[in-house]
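1. Could you work out the structure for the sequence below:
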Amino acid sequence: MPSVSYQITPADPAAHYFDVQITIDNPDRKGQIVSLPAWIPGSYLIRDFSRHIHSLTAKTGRSPLAVTKLDNHTWQIAPCSRRLTLNYRVYAWDLSVRCAHLDQTHGFFNGTSVFLKVHGREKQPCQVTIEAGNSTRHWRVYTSLRPARRGRRTTLPHRFGVYEAPDYDALVDHPVEMGTPHVETFTVSGARHEMVFTGVLPNVDFKRIARDTAKICETQIRFFEPQSQRAPFLDSADRYVFMTYVTGKDYGGLEHRASTALVASRQDLPVIGNDARSEGYTGFLGLVSHEYFHTWNVKRIKPQAFVPYDLSRPNLTSLLWIFEGFTSYYDDLMLLRAGAIDEKDYLRLLAKTITGVHRAPGRFKQSVADSSFDAWNRYYRQDESSINNIVSYYTKGSLVALALDLSIRNATGNRKSLDDVMRLLWDRFGRRFYQSRQHGVQEHEFAGLLKQATGVDLQAFIETATIQTEDLPLASLLAKQGVQLSWQTESRTPGIGANLRATASGEPGLVQVIEGGAAHAAGLSAGDILLAMDGLRIEAASWDKLLERYQPGQQVVIHYFRRDELRSTQLTLQEPANDKCNLTRQPASQH
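-> This next block holds a predicted model:
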């Protein structure tokens with residue numbers, strides 16, 4: 001019997017409360033310390049999950065014990081020499097992939113939001129009993145946690161009961177979904193996969209989603225394991241679980257060692273009877289591909305700063321451009337290799353990424369290495385000025401991966417590629433990570449690993465691409481592979497160098513002002529509400545139509561509100577930007 005046992009119950013779905021009990025044999029006689037993680041791996045921001053813990057009590061036998069809070073997420077229990085029992089409630093009303101959510105239709109939780117760590121017992125095996133509440137006994141349970149074996153009794157899959165984990169890190173890396181979802185299953189490379197969909201799901205073509213996802217999973221397994229074709233999560237689980245909560249407009253995902261939590265828009269999922277490949281569905285498959293690729297890259301191949309995770313504070317690394325950026329590069333590439341999209345679609349997606357990076361002037365102020373290091377207080381805490389001051393290690397990192405892949409291919413006549421680097425990383429750092437606790441990638445180790453895998457020395461290029469801020473030479477690199485990069489103007493309408501969007505009340509508000517643009521020169525700021533231009537009312541829905549009446553270089557008078565103050569300014573309309581990337585395959589005779 002493990003010395004630490006957890007029990008969690010969806011006790012009050014209407015009020016969104018999980019009840020948690022922890023039983024600790026032989027607690028620390030000096031006073032047992034427990035704590036809740038301050039962040040969750042994959043989402044690099046201190047989130048203070050402990051604010052959702054209520055009514056923490058402790059007792060030994062029938063005797064209550066004093067509980068002292070040491071800091072925002074740490075408690076110490078009064079000394080005792082016998083079995084210690086803790087009870088508390090967790091408020092679960094965060095409908096995201098990071099926390100916990102409970103209502104009358106379903107329950108979901110990440111272990112980092114609900115399970116206190118017992119200090120001194122982090123490396124020991126533990127059990128968790130997932131109990132049915134009075135009103136939820138008809139629910140089923142979906143998780144990649146292994147059912148526990150107790151003598152001749154084993155918890156049946158998808159049932160409430162006892163599950164086990166080899167240590168605390170594993171316990172909190174297998175989220176749980178419970179309810180009455182729609183479930184699709186498939187097996188690739190001998191590994192069972194479950195797709196669990198929760199929400200209102202009218203006429204969704206689940207069979208198509210499962211078929212496409214199976215191709216993506218098989219392609220990625222073969223990519224990393226061309227010989228054995230063994231799924232990596234079989235080192236810690238007997239299945240992989242995609243947990244998708246479907247809403248009206250949300251989008252996001254968070255990776256785990258044998259599962260992923262996704263939030264998707266209902267409009268992005270395919271419907272029965274329509275085989276067209278929509279942009280939204282392609283985006284959903286890209287999200288699935290991205291999170292599944294993380295099963296290798298970041299869950300097992302890790303930066304040294306994450307070995308092991310310290311969930312009480314930021315774990316700083318300048319390498320997220322590899323672990324998130326490379327994953328962002330391969331997610332769409334795996335769609336192409338799996339046959340989920342064709343080359344034309346792939347080039348369109350790649351051009352969209354290049355366009356997005358190019359339109360953000362912050363790429364000239366922050367490198368992807370700095371973006372990685374500053375993720376905790378800049379990328380995950382963006383404000384209206386972020387477009388001018390930061391660059392995304394996701395998107396710019398994916399372009400660094402593209403540039404490296406092209407450089408290797410061009411230097412070796414396509415005999416080597418970034419694929420060889422990823423497989424070396426898998427062999428060196430990932431394959432046996434959870435068995436042997438191997439080390440992670442050091443901060444300045446990557447260039448040497450790339451040379452070892454391909455024979456190509458890109459040390460200087462990597463330093464320029466990741467530590468400095470100039471644009472990558474993508475046009476010349478792509479040209480050698482027969483792809484032409486060109487720039488075009490997306491619209492002939494003059495611009496103001498700002499992004500306008502309807503506020504919650506429908507007013508046309510500026511959400512971002514580009515430094516050096518017309519709005520900046522005119523003194524406008526994010527948050528200003530535009531009222532009229534040359535005496536004509538401005539409406540968010542018809543803003544472009546109003547601008548079509550003018551030519552670049554013309555001056556207009558803008559009336560606007562800043563807070564509750566009416567102001568006006570003169571603005572000179574600017575030329576439409578030549579900032580939309582276009583990628584086209586050239587005939588073989590031209591390259």
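
2. Now do stretch 188-201, average pLDDT.
-> In this model, stretch 188-201 has a mean pLDDT of 96.

3. What strands line up against the helix or strand of the chain with the lowest mean pLDDT, and which way round?
-> Here the helix or strand of the chain ranked lowest by mean pLDDT, DSSP states H and E is strand 153-154, holding a mean of 72. Sheet pairing for strand 153-154, assigned by DSSP bridges, gives strand 149-150 (antiparallel).

4. who touches the least confident helix or strand of the chain?
-> Contact partners of strand 153-154, identified using CB atoms under 8 Å, 6 or more residues apart in numbering, comprise 147-148. All C-beta atoms are positioned from the backbone trio N, CA, C, and that covers glycine.

5. For that strand, what is the distance to the chain centroid?
-> 35 Å (CA atoms, centre = their mean, to the nearest Å).

6. just checking, what packs against the following helix or strand past it?
-> Using DSSP states H and E, the helix or strand that follows strand 153-154 in sequence is strand 161-165. Here strand 161-165 touches strand 126-130, strand 146-147, going by 3 or more CB pairs under 8 Å, 6 or more residues apart in numbering; DSSP states H and E.

7. One more pass at 6 Å, please.
-> strand 126-130 (3 or more CB pairs under 6 Å, 6 or more residues apart in numbering; DSSP states H and E).

8. just checking, next helix/strand downstream of the strand it packs on?
-> Following strand 126-130 in sequence order, the next helix or strand is strand 140-143 (DSSP H and E).

9. Check which strands are paired with that following strand and give the direction for each one.
-> Paired with strand 140-143 in the same sheet, following DSSP bridges, are strand 176-179 (antiparallel).

10. Please save the CA atoms from the very next helix or strand once past the strand it pairs with in CSV.
-> Note on strand 176-179: by DSSP H and E, the next helix or strand toward the C-terminus is strand 182-188. Included here for strand 182-188 are C-alpha records, laid out as CSV according to Å, rounded to 0.1, in the frame of the first residue of the first chain:
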residue,chain,number,x,y,z
HIS,A,182,-18.6,10.9,-27.1
VAL,A,183,-15.6,8.6,-27.5
GLU,A,184,-13.8,7.3,-30.6
THR,A,185,-11.0,4.8,-30.4
PHE,A,186,-8.3,3.7,-32.8
THR,A,187,-5.0,1.7,-32.6
VAL,A,188,-1.8,2.7,-34.4
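
11. residues making contact with strand 182-188?
-> Contact partners of strand 182-188, identified using CB atoms under 6 Å, 6 or more residues apart in numbering, comprise 193-197, 201, 206, 210, 214, 217-218.

12. let's see 7 Å
-> Contacts to strand 182-188, defined as CB atoms under 7 Å, 6 or more residues apart in numbering, come from residues 192-197, 201, 206, 210, 214, 217-218, 221.

13. for stretch 90-107, same thing?
-> Contact with stretch 90-107 is made by 10, 13-14, 16-18, 20, 40, 43, 47, 49, 52-54, 108-110, 113-114, 177-179, 181, 198, 245, 252-254, 261-263, as judged by CB under 7 Å, 6+ apart.

14. And residue 118, how far from residue 165?
-> For residue 118, the distance to residue 165 equals 13 Å [CB to CB, to the nearest Å].

15. same check, this time on residue 195
-> 23 Å.

16. For the residue nearest to residue 391 when sequence neighbours are not counted, give me its contacts.
-> Distance criterion CB to CB, 6 or more residues apart in numbering; nearest residue to residue 391, sequence neighbours excluded, is residue 363 at 4.3 Å. By CB under 7 Å, 6+ apart, the contact set of residue 363 is 357, 391, 396, 469.

17. now swap in residue 230 and tell me
-> Per CB under 7 Å, 6+ apart, neighbours of residue 230: residue 189.

18. mind redoing it with 10 Å?
-> Residue 230 sits next to 189-191, 221, 224, 431 when contact means CB atoms under 10 Å, 6 or more residues apart in numbering.

19. mind listing which of these are in strands?
-> residue 191 (DSSP state E).

20. Can you flag the buried ones in the contacts of residue 230?
-> Buried members of those, counted by 16 or more other CB atoms under 10 Å: 189, 191, 221, 224, 431.

21. which of the residues you listed lies closest to residue 478?
-> residue 224 (25.9 Å; CB to CB).

22. hang on, the closest one packs against residue 231?
-> Yes: the criterion here is CB atoms under 10 Å, and residue 224 meets it with residue 231 at 9.4 Å.

23. Burial check on residue 184, number of neighbours?
-> When neighbours are counted by other CB atoms under 10 Å, residue 184 registers 18.

24. Distance-wise, check it relative to residue 27.
-> 44 Å.

25. What of residue 250?
-> In terms of CB to CB, residue 250 sits 41 Å off from residue 27.

26. Check residue 263 too.
-> For residue 263, the distance to residue 27 - CB to CB - is 38 Å.

27. Please say which of these two ends up with more neighbours.
-> Neighbours around residue 263 and residue 27, counted as other CB under 10 Å, are more numerous at residue 27. The numbers are 28 against 20.

28. Quickly list what the closest residue to the more buried one other than its chain neighbours is bridged to.
-> Nearest residue to residue 27 in three dimensions, chain neighbours excluded: residue 84, at 4.1 Å (CB to CB, 6+ apart). Per DSSP bridges, the residues bridged to residue 84 are residue 24.

29. again with the one 5 residues further on
-> Beta-bridge pairing of residue 89 under DSSP bridges involves residue 19, residue 54.

30. Hmm, it is touching residue 20, no?
-> Yes: counting by CB under 10 Å, residue 20 is a contact partner of residue 89 at 7.5 Å.

31. Of the two, which one has the most company?
-> A count of neighbours by other CB under 10 Å puts residue 20 above the other of residue 89 and residue 20, at 22 against 18.

32. Need the per-residue pLDDT for that one.
-> At residue 20, pLDDT is 98.

33. Contact partners for it?
-> 6-9, 11, 53, 56, 86-90, 109, 114-116, 128.

34. if we can go back for a sec, just the ones in strands from the contacts of strand 182-188, please.
-> Per DSSP E, those map to strands at 192-197.

35. Closest to residue 457 out of those?
-> The closest of the ones in strands among the contacts of strand 182-188, once distances to residue 457 are taken by CB to CB, is residue 193, at 40.0 Å.

36. Now that closest one. Nearest residue, chain neighbours left out?
-> Excluding its sequence neighbours, the residue lying closest to residue 193 (CB to CB, 6+ apart) is residue 240, at 4.9 Å.

37. so which helix or strand takes in the one you found?
-> Under the assignment here (DSSP H and E), residue 240 is part of strand 239-247.

38. Partner strands of that strand and their direction?
-> strand 191-198 (parallel), strand 259-265 (parallel).

39. Tell me the first helix or strand C-terminal of it.
-> Toward the C-terminus from strand 239-247 - assigned by DSSP H and E - lies strand 252-255.

40. related to what we said a few turns ago, if you count neighbours, what's buried in the strand holding residue 240?
-> Going by 16+ other CB under 10 Å, strand 239-247 has these buried residues: 239-246.

41. Same list (those) but as CSV, adding distance to residue 505 and pLDDT.
-> Shown next, in CSV, are the buried residues of strand 239-247 (distance: CB to CB, whole Å; pLDDT from 0 to 100):
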residue, distance to residue 505, pLDDT
239, 47, 96
240, 44, 98
241, 41, 98
242, 38, 98
243, 35, 98
244, 32, 98
245, 28, 97
246, 28, 97
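
42. Out of those, which comes closest to residue 387?
-> Comparing the buried residues of strand 239-247 against residue 387 with CB to CB picks out residue 245 as the nearest, at 29.1 Å.
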